[in-house]
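J.: 3D, please:
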Amino acid sequence: MRPSDYVYNLGLLGALTGALPILAGRMILRGKYRRTLGRRLGFELPQPHTDEERPVWFHALSLGEVITAATIIEALALRRPDLPLALSVATENGWDEAQRRFAGRPNLRLLVAPMDFPWAVGRLVERLDPRLFALVETDLWPNLLGKLRRWGVPTVLVNGRLSPGSCRVWRRLGKFAARVWGGFDLCLMQSDVDAARAASLGVDRSRIMAPGNVKYDRTFPREVDAAALRGELGLADGTRLLVAGSTHRGEEKAVLEAAAALSRQWPETRLILAPRQPERFDEAAGLVDRTGLGLWRRSQGPMTGPARVLLLDTLGELAAVYALAEAAFVGGSLIHERGVGGHNLLEPAAFGVPVLFGLNMKNFPQMRDEFLADGAGVEVADEPALIQTLTRLWSEPDYARSMGRAASRLVDRHQGATRVTVDRLAELVRD
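T.: Numbers count the residues shown, from 1 in each chain. You can find the predicted model right below:
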């Protein structure tokens, strides 16, 4: 083991030790991590494989990466239905989404990924003995990648992205970064810019491709029965609907103020509010209560009474709900906090819905630039700008329709990355 590996593992152990009080508090107060703690620490591992069960192993960090992985997995399963598959997930939200999509599916094993301790990931690799490992987008774990290389497993980064900040951090790590990144057999990046950054970290250019962003290829539910969904949600005919999806703490207040401003001029306006983290549903409900707009929770069934805000406190419905929107705000973008940098704009865009987002789109810089260049979305700096833009969309139907058409065309134009990704994975699979 190299000195840099010792430093990394000591840092990992120190980080876990420092985080234990926080983790314990969340476990006691919220029940978080209880279901998965043993597996996260490497104490509960899958049964050893048989020769026939050696999977293609996908690893996804959280909710967004699980959704991207699902697009690739579905396409690969159609191409090679004989292949055993495995999907590991690192977060609670990601685990819930993976179970919702894949629980009980034959030929696919779902796993909670252990932390990147050598003993845990080493035993997991030996138990799974994968024929190929595909890391989705981010979450590079040096010990895991090192064990896979020593075990002779081809490793691929799929739908890879590197923000300027992440790239700078990796560059400071010098030879350690070059060893981690240079160990990939193939890096399939979202853009030429991401490809250039990967090369600067030590990946041989012959092992880099930029087929595009798999997120554009997701199977969006474009055939939503709008009338039926409106009835199911309890939305009256003539409702003008704003959908705020994947919001974070600090954003709901701005969205609620915008909904209140619209309601004063257009009383038929309703807001569907979908916080990013399920554990914040009650917090968001309290914010709505204090506005006087009236709250209805989706878990209560169809809306009744005078409530103007429907809190989407369920999972898996946001994508379809966007189909009903007159405009959509995508969260994680109006605040500047560590680990937050915008969310995917494509779900509302696929329905031809005008998309609004804040200045913090560091996780999706190319997507942001394309939306702005095509007139498919609007960047808003703060609450007044959000209110001003929504007021214009409500006042000028032609402007709203033009923006929505541009959004839909943008999604269609960029599709195709999944096919290239699956082609490359199929070539690398060891029979």
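J.: looking at it, L372 is touching V380, isn't it?
T.: No - with contact defined as CB atoms under 8 Å, L372 does not count as touching V380 (11.6 Å). C-beta: built from backbone N, CA, C; applies to glycine.
J.: Quick check: buried residues in stretch 385-401?
T.: Residues of stretch 385-401 classed as buried by neighbour count (16 or more other CB atoms under 10 Å): 385-387, 389-390, 393-394, 400.
J.: In terms of packing, which of L372 and V380 has more residues around it?
T.: Between L372 and V380, counted using other CB atoms under 10 Å, the more crowded position is V380 (22 against 14).
J.: Next, the more buried one: phi, psi?
T.: Dihedral angles phi and psi of V380 (degrees, to the nearest 10) take the values phi -120, psi 130.
J.: Please name the nearest non-neighbouring residue to it.
T.: With CB to CB, 6 or more residues apart in numbering as the measure, L386 is the residue that lies nearest to V380, at 4.6 Å, once sequence neighbours are left out.
J.: Next, give phi and psi for that neighbour.
T.: Geometry field for L386 lists phi and psi as phi -60, psi -50, criterion degrees, to the nearest 10.
J.: And it, how far from M361?
T.: 15 Å (CB to CB, to the nearest Å).
J.: again, but for G331
T.: Following CB to CB, the distance that separates G331 from M361 is 11 Å.
J.: Comparing the two, which shows the higher neighbour count?
T.: A direct count of neighbours by other CB under 10 Å for G331 and M361 places G331 higher, at 26 against 23.
J.: In this protein, what helix or strand scores lowest on average pLDDT?
T.: Least confident element among the helices and strands of the chain, by mean pLDDT, DSSP states H and E: helix 37-40 (a mean of 59).
J.: how about the strands in the stretch 251-400 of the chain?
T.: If you assign secondary structure with DSSP state E, counting those that start in this stretch, the strands in the stretch 251-400 of the chain sit at 269-275, 295-297, 309-311, 327-330, 355-357, 377-379.
J.: Given the third one, what are its sheet partners and their directions?
T.: The reference is to strand 309-311. Using DSSP bridges, the strands paired with strand 309-311 in its sheet are strand 269-275 (parallel), strand 295-297 (parallel).
J.: would CSV of the strands of the stretch 251-400 of the chain with mean pLDDT and distance to I67 be doable?
T.: As requested, the strands of the stretch 251-400 of the chain are exported to CSV (pLDDT from 0 to 100; distance: least, CB to CB, whole Å):
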stretch, mean pLDDT, distance to I67
strand 269-275, 98, 15
strand 295-297, 97, 24
strand 309-311, 97, 22
strand 327-330, 98, 14
strand 355-357, 98, 17
strand 377-379, 98, 20
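J.: For burial, what's the neighbour tally of V180?
T.: Here the neighbour count serves as a burial measure; for V180 (other CB under 10 Å) it reads 22.
J.: Kindly apply the preceding question to A285 instead.
T.: In terms of burial, A285 registers 18 neighbours under the definition other CB under 10 Å.
J.: The chain should start at 728 in everything you say after this.
T.: All right, first residue 728 from here; so that's A1012.
J.: what's near enough to touch it?
T.: When contacts are counted by CB atoms under 8 Å, 6 or more residues apart in numbering, A1012 is found next to 1022, 1024, 1038, 1040.
J.: Could you tell me the model confidence score at it?
T.: Predicted confidence (pLDDT) for A1012: 97.
J.: what's the spacing between it and Q1027?
T.: From A1012 across to Q1027, the span is 11 Å (CB to CB).
J.: And the most far-flung residue of the chain relative to its centre, how far from N886?
T.: With distances taken as CA atoms, centre = their mean, the residue sitting farthest from the centre of the chain turns out to be Q992, at 35.1 Å. Q992 sits at a distance of 42 Å from N886 (criterion: CB to CB).
J.: go on, G1021?
T.: G1021 sits at a distance of 41 Å from N886 (criterion: CB to CB).
J.: Settle it for me: which of the two has more neighbours?
T.: Comparing G1021 with N886 by other CB under 10 Å, the one with more neighbours is N886, at 27 against 15.
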